[in-house]
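Chemist: with the input below, show me the fold.
(2 chains)
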Protein chains: 2
Amino acid sequence: VVDTNAAQISTALGELGVRVTRHACVGDDLDALVSMIQETGGRADVAVVTGGLGPTMDDLASEAAARAAGVELVLDSEALAWIEGLFALAGRHMRPSNKKQAWLPAGARRIDNHAGTAPGFSLTIGRCLFFFLPGVPVEMRLMMEASVLPRIRELFCENGPVYGSSVVSTFGATEAAIGEEVADIPEKLSGVRVGLRAVFPEIQVKLYAEAGTRTELEKLLEEGRRMVEKRVGQWIFSTGGKSLPAEVGELLRERKSTVALAESCTGGLIAHMLTQVPGSSDYFLFSGVTYSNAAKEAVLGVKSETLRRFGAVHEETAKEMAIGAARVAKATFGLSTSGIAGPAGGTEDKPAGTVCIGLAAPGGTFGYRFRFPFDRERNKIIFAMAALEVLRRHILKMPIPPWPK
Amino acid sequence: VVDTNAAQISTALGELGVRVTRHACVGDDLDALVSMIQETGGRADVAVVTGGLGPTMDDLASEAAARAAGVELVLDSEALAWIEGLFALAGRHMRPSNKKQAWLPAGARRIDNHAGTAPGFSLTIGRCLFFFLPGVPVEMRLMMEASVLPRIRELFCENGPVYGSSVVSTFGATEAAIGEEVADIPEKLSGVRVGLRAVFPEIQVKLYAEAGTRTELEKLLEEGRRMVEKRVGQWIFSTGGKSLPAEVGELLRERKSTVALAESCTGGLIAHMLTQVPGSSDYFLFSGVTYSNAAKEAVLGVKSETLRRFGAVHEETAKEMAIGAARVAKATFGLSTSGIAGPAGGTEDKPAGTVCIGLAAPGGTFGYRFRFPFDRERNKIIFAMAALEVLRRHILKMPIPPWPK
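Modeler: I've put the predicted structure just below:
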């Protein structure tokens, strides 16, 4: 199963200055779990375990913890009362299997779960303090913040050096190109390490710093960000860890501007990305996801003559789509995409991966064409990102680069 | 970093019958990598390693493999020629750091990468045959299929029992409820194991089977699926591992029907989900993502009287939105959502998590209201899934259940 918890926990621990040496995963097999817990208990100071606290037969974490610690499972009456209360409140029928979640290893300290039925617990096994948390990401995260991180900070992190990190997000250059430009930063700025992370289609530069005080740490990270900006500034869209849709939204909000979309090949993805940002209704008005030519004409007012002469995938069509979206929604900007995400649908002069982007802005209307070499899913994502980046660069009066690099 | 490779590799190996005992992850630290490789080399028959083959300074896999095996890195001239050829073909400038990718441990067998610059390699370290692959998911997957899986099959899996798995996907019931219903299947059907997997908001029942021949295996899995259907059939939307949008799309295609959407709170997500499916242009015509009331009126023809009387979040408004979407796009079905994903925007009688779904169908127009208890991101997803499930159940003449359960 794809696991997002490990990355979140590692990030949170890294920010406390805890060195995360290893992450491991075993199947729902009692013997394997017990031996993994015992092995970790001989090696680490702290371990965070997620998952296996649910109500079903393949949830084995409490039992494995008890076995590894050589203790029994005991019924925690407060945990049981909490679970019963939750079911009563929701007017739902409590199932016998939910009761299992109230049995914890003897000697464990319960960690309350305010977002679900499964309580977590902490327990020392071997030389290591274990925290057992549910696998549901939102429950895990709340319990980390409320209980686990404060206890780790208190036990291990007082009076030590201060650690922190910062992320600079880029779009449009390759990992190799960015990597070469920033490779010398650690030599020139003592106390700073640099890591690269590709989150398609972004390339993020991560700066990790260590200092004696928080003020020194902030200064180091600030200096590191300045060095990254000097080297690859033309590709940066955020130095604060924000997503491109959030950055574009912020720019629109600051200018009291609004945007309307006309999406063909991106199929609603740009609208989805923009509306993931809370408060986006302040600047996002409308997207016309017009897969069919009939909808392009009826909703956006694209001329049938334009479609006939240039086809659906063309700068001229994209421009009319953008104009139509802005007009229908009375928006400051109209932004459109028309292209071929693939795998089918390409032609010789418009192969799969081709996207035309239209922008209707107060100063005029613009059309662009790019070609990307990916599969359907990634083409759709990079089409959406490229369109948002066209809008961002237009607002900031930056040139539009000849993607892809 | 969130890692999707481990889950894919585990699934592929599991289908070969290879028991995946452990997955582990270490940072970009040479000593930690070397000791992890050596430790694994003492424990496993086969290991698949991904990542660390890139061009930058924090890509250390080849060096770590060479150290763990006690050999030197040597320049593989064929790999170098391949990388140079790729750059020449793309008309791109080859950077010095890309040359690093052609250095492999002495004695390693190269694994060609037809989708990128980094070659992989296999190498025996300790008792274990290691496969080192790039971390880029699409490159990793192609190399697994072309090289790694065939070699593992040949070396370890001939003449053994046959393994396989099957997934049944449900929406609308809790994990505990599904789990209790299917818990007894392994007792009643020897050779079959059952696992539950929550991929929000789906609950998947996974059947794992082992048999002497492929025919027996298929029979076992078929029998397992029948038992799952008998127990939780009312919640199942797919017994073939398909997504709900793909299932809905298949139903529409079979009936030569089309759909148009009017999305408010789902912000384009339903359109994005439907258009993720290749060939969706056969049945998906249009989505009007109408965040503003003005766009609801202008594009969908929702009456201002309706908006004034009932508000944007109401069954009557949702019904008019659905009718408008179907009319504008000339679609068989119109499907709409209007609600409050949260965190802000809720009121006493329409709290955050409320969604109204409208359906305009040949037989009439229908409105529904549900309330879900999640955060913005998950509410948006479950709103979209609920709307698609309303359409699926309507097409199949199944009752609409009172979600959430």
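Chemist: helix or strand with the lowest mean pLDDT in chain A?
Modeler: Across the helices and strands of chain A, mean pLDDT, DSSP states H and E gives its lowest value to helix A:96-99, namely a mean of 85.
Chemist: tell me the first helix or strand C-terminal of it.
Modeler: strand A:103-105 (DSSP states H and E).
Chemist: can you list the strands that that next one pairs with?
Modeler: The strands beside strand A:103-105 in its sheet (DSSP bridges) come out as strand A:73-75 (antiparallel).
Chemist: next, the contact list for the residue sitting furthest away from the middle of chain A, please.
Modeler: Most distant from the centre of chain A: A:E305, at 42.3 Å, with distances by CA atoms, centre = their mean. By CB atoms under 8 Å, 6 or more residues apart in numbering or on different chains, A:E305 lies in contact with nothing. No exception for glycine: its C-beta is placed from N, CA and C like everyone else's.
Chemist: helix or strand for it, which one?
Modeler: Taking DSSP H and E as the criterion, A:E305 maps to helix A:304-310.
Chemist: quick one: buried residues of that helix?
Modeler: Within helix A:304-310, the residues that count as buried by 16 or more other CB atoms under 10 Å in any protein chain shown are A:306-307, A:310.
Chemist: for A:G233, the count of nearby residues, please.
Modeler: 12 (other CB atoms under 10 Å in any protein chain shown).
Chemist: quick one: it from chain B, how far?
Modeler: For A:G233, the distance to chain B (CB to the nearest CB, to the nearest Å) stands at 19 Å.
Chemist: and that residue, backbone torsions?
Modeler: phi -50, psi -40 (degrees, to the nearest 10).
Chemist: what does A:S122 give?
Modeler: With angles defined as degrees, to the nearest 10, A:S122 shows backbone torsions of phi -120, psi 150.
Chemist: partners of it in the sheet?
Modeler: A:R109, A:F131.
Chemist: how about it, what does it touch?
Modeler: Residues near A:S122 by CB under 8 Å, 6+ apart: A:108-109, A:111, A:129-132, A:148, A:151.
Chemist: ok, those residues vs A:S264, which is closest?
Modeler: Nearest to A:S264, judged by CB to CB, of the contacts of A:S122 is A:V148 at 46.5 Å.
Chemist: can you report how many residues lie near the residue nearest to that closest one when sequence neighbours are not counted?
Modeler: The shortest distance from A:V148 to any non-neighbouring residue, by CB to CB, 6 or more residues apart in numbering or on different chains, is to A:F131 (4.9 Å). Neighbour count for A:F131, taken as other CB under 10 Å: 23.
Chemist: likewise for A:H93?
Modeler: 9.
Chemist: ok, now the one 4 residues further on?
Modeler: When neighbours are defined as other CB under 10 Å, A:S97 has 18 of them.
Chemist: which residues touch the residue nearest to it when sequence neighbours are not counted?
Modeler: Once flanking residues are discounted, A:S97 sits nearest to A:P55: 4.0 Å by CB to CB, 6+ apart. When contacts are counted by CB under 8 Å, 6+ apart, A:P55 touches A:95, A:97-98, A:100-101, A:117-118, B:175-176, B:179.
Chemist: so which of the buried residues of helix A:304-310 comes closest to chain B?
Modeler: For these, the residue nearest chain B by CB to the nearest CB is A:L307; the value is 15.1 Å.
Chemist: and the residue lying closest to A:E315 once chain neighbours are set aside, what element?
Modeler: Leaving aside its sequence neighbours, A:E315 sits nearest to A:G367 (CB to CB, 6+ apart; 3.0 Å). Element membership for A:G367 (DSSP H and E) is strand A:364-371.
Chemist: any idea of the mean pLDDT for that strand?
Modeler: If you average the pLDDT over strand A:364-371, you get 96.
Chemist: now do the helix or strand immediately after it in the chain and strand A:364-371, the angle between them.
Modeler: Proceeding N to C from strand A:364-371, the next assigned helix or strand is helix A:376-395, under DSSP H and E. Taking axes from the mean of the first three to the mean of the last three CA atoms, to 10 degrees, one finds helix A:376-395 and strand A:364-371 inclined to each other by 150 degrees.
Chemist: enumerate the residues of the stretch 101-250 of chain A near chain B.
Modeler: With CB under 8 Å from any CB of the partner chain as the criterion, the stretch 101-250 of chain A meets chain B at residues A:136, A:138, A:175-177, A:179-180, A:183, A:195-199.
Chemist: restricted to buried residues, select those in ChimeraX.
Modeler: Burial among those is assessed by 16+ other CB under 10 Å; the matching ChimeraX selection reads:
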select /A:136,175,176,177,179,180,183,195,196
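Chemist: tell me the one of the residues of the stretch 101-250 of chain A next to chain B nearest chain B?
Modeler: Comparing these against chain B with CB to the nearest CB picks out A:G179 as the nearest, at 3.4 Å.
Chemist: the closest one - that's part of a helix, no?
Modeler: Yes: assessed with DSSP: H, G, I helix; E, B strand; the rest coil, A:G179 lies in a helix.
Chemist: could you show me where the strands are in the stretch 251-400 of chain A, in order?
Modeler: Assigned by DSSP state E, counting those that start in this stretch, the strands in the stretch 251-400 of chain A fall at A:259-263, A:284-290, A:333-339, A:354-361, A:364-371.
Chemist: neighbours around A:R253, how many?
Modeler: By other CB under 10 Å, 14 other residues sit near A:R253.
Chemist: pretty sure it sits against A:Y283.
Modeler: Yes: the criterion here is CB atoms under 8 Å, and A:R253 meets it with A:Y283 at 5.6 Å.
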